[in-house]
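Asks: Sequence isn't available, so here's the structure alone:
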């Protein structure tokens, strides 16, 4: 990252007015539940972002950090409980290779899926969307929703995955950065499961100086 | 960081006038350690959001109830996981003469102990693992919860359903998960010795609900009549797959969504009300400090969600038998080891 381009940090509850084109999305007139074309949104995603957030469970907290650096996507979920040390950490890394997603670290699937994961879910799903964009298989549209004050675009899982899902959860991406912030359940009409709590921070590179 | 409550309590006590005058150095509670008025002022901090329906909300709910009962006024500061942010807030509470300062979460422990040294007349609480129980001081009470009872009661409820075989879907094979599962197995055996437990299936992830759903479907295909899980990142998948098959679950948390909850029999949960109320009463009586506290089923610090009979699938006496278990733990006739 160029020292002349400091990172832009987006607090979930307090978007800083900035010149970033992407941020303009957050302040745009998109109404909740509005269907929007995905291609221009995905095309505007920066090739770098990092997210730090948490997710509380009844008896413990998960500290979740993930990010994108070019074609590489990393995720770390640290389980924190009432102890002096973390109870455990999930570390996952995938890479977009042409139009496919390949696991680099932490794959618990079959060898074939680790080489070409067409069913990638959770906070790394951005990689699958980027791969779909490059392969020309990007779904046509998504639905804009508000997650803790941040505009996200949710993609119907039936449009994103070739194999039918057992549980219908639509991954929802920060419109400005592409980071997955939550999962929308059409059955529950709510964000459920692997969804960040309010207070997450997204950092993206500042746009080029004019 | 947000202020969830107004500074209402600052206007209730004699100390408030001093605070508003900016004389923070002389705002300690009465010399005896007892509050200056009958209403205890509480400053509380949570690492996450107080409306998370989970760990943080357990404290927020307790504070709201105690305020409604007229026992306290409080200010709750959320998203205080960073000690650089939390320590000044704790010091500010203390210098304002707040009677009781609660740090809810391991992230707040160091800051609590650090500030507490400088305010010996203010009551503090800090939380941690079992090891924190012996770290109490004269003005810091420590708190944790009984992990073994969480697993045991979950298993006990699963066993009481009389459904067998029982499947388990977990995220990753981590020590705390396998330890909790060991107590789960004990609970199942205690309630239904003939219950069959299928091997645990790990989804391999905390955030892949589809993998958990697939694992659940696989277990149901093997004959599982009930599925146990923990962690709502995957529980959304477990619950959805179980709901599709009409198979009850145990352990699905509210954040997994309505569909997932529709077949969930119950989930063990924290209830901070009895714990915080005891702290408040101790402060009021000038008897606070010098001990550690454990949330258990006996003292009501651990509880369970109301038994869902899943359209009549679950025996009607499950709740009664759970209460009998708790009574047995309380009178010592039942032990968990």
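Replies: Ah, there it is. Just so it is clear, the structure is predicted and the values come from calculations on it, not from any experiment.

Asks: ok, for residue B:200, nearest residue in space, not its chain neighbours?
Replies: Excluding its sequence neighbours, the residue lying closest to residue B:200 (C-beta to C-beta, 6 or more residues apart in numbering or on different chains) is residue B:168, at 4.5 Å. Quick note: C-beta positions are derived from backbone N, CA and C, even for glycine.

Asks: So which elements touch whichever strand or helix holds the one you found?
Replies: Using DSSP states H and E, residue B:168 sits within strand B:166-170. In this structure, strand B:166-170 packs against helix B:175-191, strand B:201-202, helix B:209-221, strand B:226-229, helix B:232-245, with contacts taken as 3 or more C-beta pairs under 8 Å, 6 or more residues apart in numbering or on different chains; DSSP states H and E.

Asks: Near the residue nearest to residue B:200, how many other residues are there?
Replies: Using other C-beta atoms under 10 Å in any protein chain shown, the number of residues around residue B:168 comes to 30.

Asks: Tell me what it is bridged to.
Replies: Beta-bridge partners of residue B:168, counted by DSSP bridges, are residue B:228.

Asks: Surely it touches residue B:198?
Replies: Yes. In this structure, residue B:168 is within contact of residue B:198 by C-beta atoms under 8 Å, at 7.3 Å.

Asks: ok and the residue in the stretch 1-150 of chain B nearest chain A?
Replies: residue B:129 (3.5 Å; C-beta to the nearest C-beta).

Asks: Now do that residue against residue B:99, distance only.
Replies: For residue B:129, the distance to residue B:99 equals 27 Å [C-beta to C-beta, to the nearest Å].

Asks: and the two? which has more neighbours close in?
Replies: Higher neighbour count among residue B:129 and residue B:99: residue B:99, with 31 against 16, using other C-beta under 10 Å.

Asks: Let's see the pLDDT reported for that one.
Replies: Per-residue pLDDT puts residue B:99 at 97.

Asks: same thing with residue B:35?
Replies: At residue B:35, the pLDDT value in this model is 56.

Asks: Can you give me the distance of the nearest residue to residue B:313 once chain neighbours are set aside to residue B:207?
Replies: Excluding the flanking residues, the one nearest residue B:313 by C-beta to C-beta, 6+ apart is residue B:248, at 5.8 Å. Counting by C-beta to C-beta, the gap from residue B:248 to residue B:207 is 24 Å.

Asks: So between those two, which is more surrounded?
Replies: A direct count of neighbours by other C-beta under 10 Å for residue B:248 and residue B:207 places residue B:207 higher, at 29 against 25.

Asks: show me what contacts the residue of chain A found nearest chain B?
Replies: Using C-beta to the nearest C-beta, residue A:108 is the residue of chain A that sits closest to chain B, at 2.7 Å. When contacts are counted by C-beta atoms under 8 Å, 6 or more residues apart in numbering or on different chains, residue A:108 touches B:202-205, B:211.

Asks: ok, now with 10 Å
Replies: A:90, A:92, A:114, B:172, B:202-205, B:208, B:211 (C-beta atoms under 10 Å, 6 or more residues apart in numbering or on different chains).

Asks: Just the buried residues out of the residues you listed, in PyMOL syntax.
Replies: The following PyMOL line selects those of the contacts of residue A:108 that are buried, judged by 16 or more other C-beta atoms under 10 Å in any protein chain shown:
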select buried, (chain A and resi 90+92+114) or (chain B and resi 172+202+203+204+205+208+211)
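
Asks: tell me, how many neighbours does residue A:149 end up with?
Replies: 12.

Asks: That one contacts residue A:174, correct?
Replies: No. Using C-beta atoms under 10 Å, residue A:149 is not in contact with residue A:174, being 11.5 Å away.

Asks: wait, what's in contact with the residue of the stretch 101-250 of chain B found nearest chain A?
Replies: At 2.7 Å from chain A, residue B:204 is the closest residue in the stretch 101-250 of chain B, using C-beta to the nearest C-beta. Contacts for residue B:204 were tallied using C-beta under 10 Å, 6+ apart; they are A:90, A:92, A:106-109, B:170-173, B:211-212, B:215, B:234.

Asks: Rebuild these as a markdown table, extending it with pLDDT and distance to residue B:226.
Replies: Shown next, in a markdown table, are the contacts of residue B:204 (pLDDT from 0 to 100; distance: C-beta to C-beta, whole Å):
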| residue | pLDDT | distance to residue B:226 |
| --- | --- | --- |
| A:90 | 88 | 26 |
| A:92 | 95 | 30 |
| A:106 | 93 | 30 |
| A:107 | 94 | 30 |
| A:108 | 90 | 24 |
| A:109 | 91 | 26 |
| B:170 | 92 | 15 |
| B:171 | 88 | 19 |
| B:172 | 86 | 22 |
| B:173 | 86 | 21 |
| B:211 | 92 | 20 |
| B:212 | 93 | 15 |
| B:215 | 95 | 14 |
| B:234 | 86 | 17 |
